[in-house]
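J.: predicted model follows, preceded by the sequence.
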Amino acid sequence: MQAFRSAAVVVDAMDDAELKRRIRTNTLKDLKGIGPKTATVVVQAAKGQVPDYLADLEEKFAELVPLADDVAEFRAALRGDLHTHSDWSDGGSPIREMAEAALALGHEYMALTDHSPRLTVANGLTPERLEKQLDVVAALNEELAPFRILTGIECDINVDGSLDQTDELLERLDVVVASVHSDLRAESAAMTARMLTAVANPHTDVLGHCTGRLVIGRRQRDGTQRPRPESQFDAEAVFAACVEFGTAVEINSRPERLDPPKRLLRLAVETGCLFAIDTDAHAPGQLDWQGNGCERAVECDVDPDNVINTWLAEDLLDWTAGSRTPALTC
């Protein structure tokens, strides 16, 4: 996505004559920001053709398996997505495009939860950048109403369990997803203490992808894809703390995460947790992944009333503002 966006910026800066000359002389790929693959797409699109690259993708993913009726009903109950990323951190698309895609799916709201400062590899937001983002979101909300972009952050849980952002800014946000992204192989006792501290933090609304596992490994430099095992922690204690402090457990719908595993999801249900079924989307198309989470929720007997993003925005925001209680359902 980033490669095609970069190429689009270069092409957009050309006038028609320059683009035609570059195509005729086969020199598009000589420009910084355009490579052989993107140059081919530009040439075919300029000729009014469907680029081969796009046609191949559409053919590969044309036959999507429809959701089962009970899963589709659960998915229809979701009013929004509480874990999404934009190009302000490590997402591939502007905030507006993410919001418009969420709106097209029938969502009433979308929480924008770009990464916090510590995750520099994901271009995490410094306090200054987060403040600027709040202004951008406010302006977009005026344009997109009644759809609403909820202000938020995916906040790193530091090793000591504290959250990686100032209390002042966390207080201003609508939704705070707290996630572990580092020291994932820590001993169980240390990880448990870390997560318990974060769950008890009054700013934490959702505990994100709690085990940190990857069932499909991310591609390594040597071309291999290695899955990542679950972090070890006392799940009974952590889920009990989620109930005590009214923190929702995320059902992460990303195909490579599907976190928590079903055995832990069932434990969280038995413990009495609230949930958030989120996509952790980094691109517009990924916002349609909630079916993955809904399928797992149905299999593990999650009550839709206990999924906080089935609630009206007003009820959700009342809850995140400080009236959180495990007994609340809407």
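T.: Thanks, I have the structure now.
J.: list the contacts for residue 245?
T.: Residue 245 is in contact with 199, 200, 202, 204, 324, counting by CB atoms under 8 Å, 6 or more residues apart in numbering. Glycine gets a C-beta too; all of them are placed from N, C-alpha and C.
J.: closest to residue 213 among those?
T.: Taking CB to CB as the measure, residue 213 sits nearest to residue 199 out of these, at 18.7 Å.
J.: show me where the stretch 151-300 of the chain has its strands.
T.: With DSSP state E, counting those that start in this stretch as the criterion, the stretch 151-300 of the chain has strands at 175-179, 206-207, 248-252, 275-278.
J.: low-confidence regions, the stretch 51-200 of the chain specifically.
T.: Counting by pLDDT under 70, the stretch 51-200 of the chain contains low-confidence ranges at 62-64.
J.: let's go with 90 and repeat that
T.: 56-66 (pLDDT under 90).
J.: now do the buried residues in stretch 136-155.
T.: Using 16 or more other CB atoms under 10 Å as the test for burial, stretch 136-155 gives 136-137, 140-141, 144, 147-155.
J.: tell me the domain boundaries of this protein?
T.: Split into domains by automatic domain parsing, the chain comes to 2-60, 69-323.
J.: right, and residue 196 touches residue 160 too?
T.: No: the criterion here is CB atoms under 8 Å, and residue 196 misses it with residue 160 at 11.5 Å.
J.: okay, those two: which has more neighbours?
T.: residue 196 (19 against 9; other CB atoms under 10 Å).
J.: can I get the strands of the stretch 151-300 of the chain in CSV with mean neighbour count and distance to residue 29?
T.: Shown next, in CSV, are the strands of the stretch 151-300 of the chain (neighbours: other CB atoms under 10 Å; distance: least, CB to CB, whole Å):
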stretch, mean neighbour count, distance to residue 29
strand 175-179, 27, 39
strand 206-207, 27, 44
strand 248-252, 27, 38
strand 275-278, 29, 39
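J.: just send the ones you listed back as TSV, with distance to residue 313 too.
T.: Below are the strands of the stretch 151-300 of the chain laid out as TSV (distance: least, CB to CB, whole Å):
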stretch	distance to residue 313
strand 175-179	11
strand 206-207	15
strand 248-252	15
strand 275-278	14
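J.: with that, I have no additional questions.
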